[in-house]
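# Could you look at this predicted model? Sequence included:
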Amino acid sequence: MPTNTPAPVTFLGLGNMGQALASAALTAGHPTTVWNRTPARTGPLATRGATPAATVADAVAASELVIACLLTNDTVTEALTPVAESGGLTGKTLVNLTNGTPNQAREIASWAKDHGAAYVDGGIIAVPEMIGGPAAYVYYSGDEEAFTAHRPTLARFGDTRFVGTDPGFAALYDVALLTGMYGLFSGATQALALIRSAGLPTAPFAEELNQWLAAMAPSTAHWGKALDTDSHLTDVSNLNVNQAALPNLLTTHLDQGLPVDLITGLQPLLDRAVAEGHGHDGLSRLAEVLSR
């Protein structure tokens, strides 16, 4: 097959993300086979030229590259076990884009290897509407040779970022990014609740909050270097200052009748870091203390 000919690819799972992934492959001209537990979901892609498979076995047989994007990792092994036990995974590359944990990825990688398949795990950093666009990217980890061989196909979904041969690393990066996102959302939720508790309109404040968070976000890029070099000293907002200020935040919320569950965990971490003699360090030090 000429190297510029789009390779066949199979997709297992056609939820919103699975639909977007398969659609990107079709748009790029890949012969695309699709399977879904509810067959009706294959219809829109079939009208565009995808081949619906009646069974998982038929879907896997159609392509060397099999991409799974199902509800859970248990669903992935459940769907593929009959195929694997009959030898149908031998020689295949399984790219698992199902959201999961690092240890789940490692377990499936071992399971896939036992059944003759190369395994690549992936963490999608995009919503379905972003797939195939310039802002989407996917973390990959696992079998580097298989990843490299199929990278041209995987690049149809967005930028490809290989983060290591440990199959769990893609999920680790994915969860780490989501952790940062949920921390941001938790803080924003608490801030908006505080304004609302005083009977004030939230829309104007939300605009100011957005601007403030955008201005603060770049500082996190410097924390990584601080952690890698163990150099956390700062002249701006050190831990002593934050330790002294945080009780005012907690008291204000309590005075307004609001719970503080989303932010109480920060106080003991600040107290610990200062007690260890890190009061003149910046907030990056907290990640080092937390990781211990």
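Received the coordinates, thanks.

# C-alpha from now on. contacts and neighbour counts both.
OK.

# Am I right that residue 195 falls within a helix?
Yes. Secondary structure of residue 195 (DSSP: H, G, I helix; E, B strand; the rest coil): part of a helix.

# And the pLDDT at it?
pLDDT, residue 195: 97.

# Test my guess that residue 106 contacts residue 168.
Yes. Counting by CA atoms under 8 Å, residue 168 is a contact partner of residue 106 at 5.5 Å.

# higher neighbour count, those two?
Comparing residue 106 with residue 168 by neighbour count (other CA atoms under 10 Å), the higher total belongs to residue 168, at 27 against 20.

# what's the nearest residue to that one if we skip its chain neighbours?
Nearest residue to residue 168, sequence neighbours excluded (CA to CA, 6 or more residues apart in numbering): residue 102, at 3.8 Å.

# Next: residue 72.
residue 98 (6.3 Å).

# Next, the contact list for the one you found, please.
68, 69, 70, 71, 72, 73, 122, 123 (CA atoms under 8 Å, 6 or more residues apart in numbering).

# Assign a three-state SS to it, would you?
Applying three-state DSSP: residue 98 is coil.

# Restrict stretch 33-52 to CA atoms and write it as CSV.
The C-alpha trace of stretch 33-52 is given here as CSV (Å, rounded to 0.1, in the frame of the first residue of the first chain):
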residue,chain,number,x,y,z
THR,A,33,-15.3,0.5,10.0
VAL,A,34,-17.6,1.3,12.9
TRP,A,35,-19.3,-0.7,15.6
ASN,A,36,-21.6,0.3,18.4
ARG,A,37,-23.6,-1.7,20.9
THR,A,38,-26.7,0.2,19.7
PRO,A,39,-26.4,-0.4,15.9
ALA,A,40,-28.6,2.6,15.0
ARG,A,41,-25.7,5.0,16.0
THR,A,42,-23.7,3.8,13.0
GLY,A,43,-26.3,5.3,10.6
PRO,A,44,-25.0,8.9,10.2
LEU,A,45,-21.4,7.6,9.6
ALA,A,46,-22.6,4.9,7.2
THR,A,47,-24.3,7.6,5.1
ARG,A,48,-20.8,9.2,4.7
GLY,A,49,-19.2,5.9,3.6
ALA,A,50,-18.3,4.1,6.9
THR,A,51,-18.8,0.4,7.0
PRO,A,52,-21.0,-0.7,9.9
